[in-house]
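Q: pasting the structure only:
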């Protein structure tokens, strides 16, 4: 009997403790359930697997060997493939100066989307490595002898606003990629610097 506060009595707890935690359904119940689901079209039984006959396996193995040997012969005749041109990494440093046209209040999302689409296209082509916009916080400068200064941007000053790291075959290819960046359409300038591996 259950106690008034809803807890189990010690006798009920002992009875429950003696029950198994999990019990698999009887095999015939499982089979009856699966059969009913198959009959109603809610479940399909997997097709029985049939093994390959030795002759089929032998023919498949022989065909694989012939294809492999044929590939070796063609490779020797045509010579090794030319290695792909090594891609070099370049930094595209995005500057905003007095000529840069900042997005109006309602245009900010469109501007972000435009830069994102450009970056997405470059990523699909395997050209984009990374890219970020820099906050418009005051610059922190560590100078000679470790002196630290901060300075808010001066009005009309040209300052670094963001960057992209790209892969390109050479400087000319990097220039072609940079010329498609939306930043230049808004009066920004882009400095292209090759990244020297260290």
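A: That came in fine, so what should we check first? Values in this document were obtained by computation on a predicted structure and should not be read as measured data. Numbering: from 1, shown residues only.
Q: which residue ranges form the helices in this protein?
A: Along the chain, the segments classed as helices by DSSP state H run 10-17, 27-39, 54-78, 108-124, 171-179.
Q: which one of the ones you listed has the lowest average pLDDT?
A: Note on the helices of the chain: lowest mean pLDDT is at helix 54-78, with a mean of 52.
Q: Tell me, how many residues neighbour residue 127?
A: Residue 127 has 19 neighbours, counted by other C-beta atoms under 10 Å. Any C-beta I mention is one placed from the backbone N, CA and C, and that applies to glycine too.
Q: any idea how far residue 162 is from residue 7?
A: From residue 162 across to residue 7, the span is 64 Å (C-beta to C-beta, to the nearest Å).
Q: again, but for residue 28
A: According to C-beta to C-beta, residue 28 and residue 7 sit 38 Å apart.
Q: Residue 146 too?
A: Distance of residue 146 to residue 7, computed by C-beta to C-beta: 70 Å.
Q: Comparing the two, which residue is more hemmed in?
A: Higher neighbour count among residue 146 and residue 7: residue 7, with 10 against 6, using other C-beta under 10 Å.
Q: Let me know the pLDDT of the more buried one.
A: 74.
Q: cool, residue 146 as well?
A: As predicted, residue 146 sits at a pLDDT of 85.
Q: For it, which residues are in contact?
A: Contacts for residue 146 were tallied using C-beta atoms under 8 Å, 6 or more residues apart in numbering; there are none.
Q: which residues does the residue lying closest to residue 189 once chain neighbours are set aside bridge with?
A: Excluding its sequence neighbours, the residue lying closest to residue 189 (C-beta to C-beta, 6 or more residues apart in numbering) is residue 95, at 4.7 Å. Residue 95 forms beta bridges with residue 160, residue 189, as assigned by DSSP bridges.
Q: list the contacts for residue 95?
A: Residues in contact with residue 95 (C-beta under 8 Å, 6+ apart) are 158-161, 188-191.
Q: what about stretch 187-198, start to end distance?
A: Distance between the two ends of stretch 187-198: 34 Å, counting by C-alpha to C-alpha, to the nearest Å.
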